[in-house]
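> Structure, please.
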Amino acid sequence: MGMNVGSGDEGGSMCDINTTPLIDVMLVLLIMFIITIPVMTHAVKLDMPRPTGAPPPPVQPEVIDIEIDFDGTVVWNGTPVQNLDVLEKYFRVESQKDPQPELHLRPDKRAKYDTVAKVLASAQRNRMKKIGFVNVSEFAE
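This is a model prediction of the structure:
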């Protein structure tokens, strides 16, 4: 606030800038900077263990190719399977391995759905976890 003292021009206007709000804003900003600077420079020291050596390479699981022909023949890695009971035994043996092998199922596009469903159900019953369909682009017509 400004104040005129004296017998000067009684009706004139005052042309001084009121700096009080400017000083208030600057003080608030200064206090904010003082408060936030210690937070920004705060660091936590961690004692991390030293690496002992290179990590072992990831183990690639073996891949089992299962083909289902149009006549219902199931082929396990190039060897025809006599029936679904023998296929169950194969799944039981493979499910016990660690890591469990991947099943790549390749049905013929003329194969019956019933045969494919039975093979998938047999794999599921024996707790096979990694099952994938291979070369299904030929079905998109």
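> only C-alpha atoms for contact and neighbour calcs from this point on.
Will do.
> so where's the protein shaky on pLDDT?
Applying pLDDT under 70 to the chain flags the ranges 1-11, 39-42, 136-141.
> which residues of it fall in helices?
20-40, 84-95, 113-125 (DSSP state H).
> Going by neighbour count, which residues of stretch 75-82 are buried?
For stretch 75-82, the buried set under the neighbour-count rule, 16 or more other C-alpha atoms under 10 Å, comprises V75, W76, V81.
> Could you dump those into CSV with distance to R125 added?
Converted to CSV, the buried residues of stretch 75-82 look like this (distance: C-alpha to C-alpha, whole Å):
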residue, distance to R125
V75, 19
W76, 18
V81, 18
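> quick one: which of these is nearest to K112?
V75 (14.9 Å; C-alpha to C-alpha).
> As a markdown table, the helices of the chain with mean neighbour count and distance to I131 would be great.
Listed next are those as a markdown table, based on neighbours: other C-alpha atoms under 10 Å; distance: least, C-alpha to C-alpha, whole Å:
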| stretch | mean neighbour count | distance to I131 |
| --- | --- | --- |
| helix 20-40 | 10 | 51 |
| helix 84-95 | 16 | 12 |
| helix 113-125 | 15 | 8 |
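> Export these to CSV and append columns for distance to I66.
Shown next, in CSV, are those (distance: least, C-alpha to C-alpha, whole Å):
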stretch, distance to I66
helix 20-40, 60
helix 84-95, 10
helix 113-125, 9
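> Show me the one of the ones you listed that comes nearest P55.
helix 84-95 (26.6 Å).
> just to revisit the earlier point, list just the nearest of the buried residues of stretch 75-82 to P61.
The closest of the buried residues of stretch 75-82, once distances to P61 are taken by C-alpha to C-alpha, is W76, at 16.6 Å.
> For the closest residue to that closest one other than its chain neighbours, which residues are in contact?
In space, and not counting its chain neighbours, W76 is closest to I66: 4.9 Å by C-alpha to C-alpha, 6 or more residues apart in numbering. Contacts for I66 (C-alpha atoms under 8 Å, 6 or more residues apart in numbering) come out as V74, V75, W76, N77, L103, H104, L105, R106, P107.
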